[in-house]
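*Asks:* Here is my input, please return the structure:
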Amino acid sequence: MTDSETGMHPSPPPSRTDDELAMLDVTALLRYGIGFGGAHRTTLFGDGAVGAAVVLDRQGVLPRAMAFLAEIVRSGGTTYAAALPEPVPGEAAAQLVRGWLQSAASVVRTVEGDQDVARWLQSVAALMALRLTYRTRSTRSGG
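*Replies:* Model prediction:
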């Protein structure tokens, strides 16, 4: 019997640490995830989004900056956002995010592609917000 016949799901992939996720090549994940879809897109929206959230969190970028950037991509497109002098606050973070946007812009050919990039940015923002909320609650409770 297959997993779908038994109602069971295949075993989940092994867990990764924040450090491992932070080392992912988000630039390449964006290029292939947006450009090819399928399993590449699943990886982009899974490990890639978490890795991006970890890196940006460590650089002090707030979730609202990424949510705002997602709105800019929705309104103006990925190419427009990639040309912004400071897509997020902070020189190092801005340079990193600009590289991500340039990578995505190199494969986006349609408005739907821009929407995919905006959804990914919004996913990163949501993950950053979850991390911030958890950290804040853990600090308050002494854990």
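
*Asks:* pLDDT below threshold where in this protein?
*Replies:* For the chain, the stretches with pLDDT under 70 are 1-13, 142-143.

*Asks:* Which of the residues in the longest helix along the chain are classified as buried?
*Replies:* Taking DSSP state H as the criterion, the chain has its longest helix at helix 111-140. Buried residues in helix 111-140, counted by 16 or more other C-beta atoms under 10 Å: 113-118, 120-129, 131. All C-beta atoms are positioned from the backbone trio N, CA, C, and that covers glycine.

*Asks:* Might you calculate how far it sits from the centre of the chain?
*Replies:* 7 Å (C-alpha atoms, centre = their mean, to the nearest Å).

*Asks:* For it, name the packing helices and strands.
*Replies:* helix 26-36, helix 49-58, helix 63-76, helix 78-82 (3 or more C-beta pairs under 8 Å, 6 or more residues apart in numbering; DSSP states H and E).

*Asks:* now do 10 Å
*Replies:* helix 26-36, helix 49-58, helix 63-76, helix 78-82, helix 91-105 (3 or more C-beta pairs under 10 Å, 6 or more residues apart in numbering; DSSP states H and E).

*Asks:* residue contacts, the spatially most central residue of the chain?
*Replies:* In the chain, the residue lying closest to the centroid (C-alpha atoms, centre = their mean) is Ala49, at 3.0 Å. Listed by C-beta atoms under 10 Å, 6 or more residues apart in numbering, the contact set of Ala49 reads 21, 26, 29, 33, 43, 119-128.

*Asks:* Spit out the contact partners of the closest residue to it other than its chain neighbours.
*Replies:* Closest residue in space to Ala49, ignoring its immediate chain neighbours: Ser123 at 4.6 Å, by C-beta to C-beta, 6 or more residues apart in numbering. Counting by C-beta under 10 Å, 6+ apart, Ser123 touches Leu44, Phe45, Gly46, Gly48, Ala49, Val50, Ala52, Ala53, Met66, Ala70.

*Asks:* can you check Ala81 too?
*Replies:* 69-75, 87, 97-98, 100-102, 104-105, 114, 117-118, 121.
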